[in-house]
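J.: could you look at this predicted model? Sequence included:
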Amino acid sequence: VTIRFSERIELDSSSIKVLAPNGLEIGQTPIIDSSDPRLYRVPIQVGGDGKYTVTWHVVSVDDGHFTKGAFAFSADQNAVAKAGSVFQPATVSTVTRFSEALIGTMSLLGESIFLGVLVLLFIARRTIAGASTEIEHITKRTAKLYLYSCALIVMGSGGYILIKTNDLNTLREGTFFETLPLFMRTLGGEHALYKIGTTLLLVALIVVQKKRSQLFGLTTFLGLTIGISAVVYFQAVVSHASASFFHPELSVVITAVHLAGKELLVGIPFVLVGMGAYLYRTLGREQTFRLSATIAALAILVAGVTGTYVTWLHLRAGAHLTDTLWGERFISLLLVGLTLGAFRLLHGPLLPWVNRDNNRTSLLTKTLIAECVVGMFVLVYSSYISITTPPFVVESYAYSVTATNENVDFELSVPNARPNTFAVSLTAHDTKEGD
């Protein structure tokens, strides 16, 4: 029995069971195809004529997600089965929970705030360095925002490991500490650990450079940029891009750039809320808003361009927007993203009135809170969509059924990547070929 999945399979954490018509298990040791790690098969013993039941649960090497399901097929050694009686529809269940999405949101929020602080202060670093009366206050607040965001990343990544290990442990019915090493062998567990390690290095860099009064130095910015870029890349690896059939390495990089653009857009209003008062006194209120508007526009451009590729990579067909869970969650993400963009557009007409009209200046400030709320929804749906399996295009794979009747082999096959096409061949045992 062979099952083809959309992602690579973690052998030690997965299983296939085959029950014969008499209820006995006839499956041997499952194996993964050496030429295609998405093919999971189990040799079986002959169990006689009748209905066979196959149950399976698998863990994806690519993102650590768990999927389980079952299907049945009938076998008859003396006659070719009638159409529609060979296989019965499969039942598939993917293990994803709101708690996993919530934990993912925590990590994404930390990355968003970190990127927002990093980009905004890098551009304004010379003005800040010359503000002798405010530099100490800005340094303290900057360090706090960096460390708070790092704490969110560590807690989110650690929580992800705990939740996914517990889910896997439920399937295996073992102990947590027996299951933990198995999950850590998946890309999900491995790169969550990388995120934690890299984030702790960022914490060390921030603490050391703050004590040296070098938090706004070019070397510090370079180190922080490399570190947070690695964190975002590790997050992208755990996405479904790493399991794609179209240049997975390139897809991961583009997904990381898309993620960075989206997180930067969300992070800017959080930074303005968290340290706006210090920036207003240093840069001026109007200049602060104009600088944030420019950064947000760049983030929208980056996220939009790369998002086109990411959407194509996972969606593959317009019909999947409405008939798949991934498509439904993508629509929700698109709507909240457009709402966030609308707030950005609202800032344009209000910017000329900053410091000239108190009511409009107050309105501009209040919209930052609304942006933070909408930004949280963007991160929640981004987290949800990252744990949702993209549409699986069945037409991309070959399929065949064989049977034997009166010494004649009968084969019905669907050629690879040719939907609505099938081939029938008959081969007699006593001749080389039959018609």
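T.: Structure's in. What do you need? Residues are numbered from 1 along each chain as shown.

J.: from residue 164, how far out is residue 271?
T.: Plainly put, residue 271 is 31 Å away from residue 164 if you go by CB to CB, to the nearest Å. All C-beta spots, glycine's among them, are computed from the backbone N, C-alpha and C.

J.: unless I'm mixing things up, residue 116 is touching residue 273, no?
T.: No. Contact criterion CB atoms under 8 Å: residue 116 and residue 273 do not qualify, at 10.3 Å.

J.: how about residue 15, what does it touch?
T.: With contacts defined as CB atoms under 8 Å, 6 or more residues apart in numbering, the neighbours of residue 15 are 30, 56, 57, 58.

J.: make it 7 Å
T.: Residue 15 makes contact with 30, 56, 57, according to CB atoms under 7 Å, 6 or more residues apart in numbering.

J.: so which of the residues you listed are in helices?
T.: Helix and strand membership here follows DSSP state H; of those, not one is in helices.

J.: list the buried ones in stretch 271-281?
T.: By neighbour count, and taking 16 or more other CB atoms under 10 Å as the criterion, the buried residues in stretch 271-281 are 271, 272, 274, 275, 276, 278, 279, 280.

J.: all helices of the stretch 51-200 of the chain, in order?
T.: Listed in chain order, the helices found in the stretch 51-200 of the chain under DSSP state H, counting those that start in this stretch are 98-123, 125-129, 135-172, 176-184, 187-211.

J.: I'd like the ones you listed written out as JSON lines, with mean neighbour count and distance to residue 304 added.
T.: Listed next are these as JSON lines, based on neighbours: other CB atoms under 10 Å; distance: least, CB to CB, whole Å:
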{"stretch": "helix 98-123", "mean neighbour count": "23", "distance to residue 304": "17"}
{"stretch": "helix 125-129", "mean neighbour count": "14", "distance to residue 304": "28"}
{"stretch": "helix 135-172", "mean neighbour count": "19", "distance to residue 304": "24"}
{"stretch": "helix 176-184", "mean neighbour count": "16", "distance to residue 304": "35"}
{"stretch": "helix 187-211", "mean neighbour count": "19", "distance to residue 304": "26"}
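
J.: so for residue 232, which of the ones you listed sits nearest?
T.: Evaluated over the helices of the stretch 51-200 of the chain, closeness to residue 232 peaks at helix 98-123, with 6.0 Å, by CB to CB.

J.: who are the packing partners of that closest one?
T.: helix 135-172, helix 218-237, helix 248-283, helix 285-315, helix 358-386 (3 or more CB pairs under 7 Å, 6 or more residues apart in numbering; DSSP states H and E).

J.: got TSV for those helices, with mean pLDDT and distance to residue 3 too?
T.: Converted to TSV, those look like this (pLDDT from 0 to 100; distance: least, CB to CB, whole Å):
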stretch	mean pLDDT	distance to residue 3
helix 135-172	90	16
helix 218-237	95	25
helix 248-283	90	21
helix 285-315	87	22
helix 358-386	84	24
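
J.: dump those into a markdown table; add distance to residue 42 as well.
T.: Written out in a markdown table, the entries for the helices and strands packed on helix 98-123 read as follows (distance: least, CB to CB, whole Å):
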| stretch | distance to residue 42 |
| --- | --- |
| helix 135-172 | 17 |
| helix 218-237 | 29 |
| helix 248-283 | 27 |
| helix 285-315 | 30 |
| helix 358-386 | 30 |
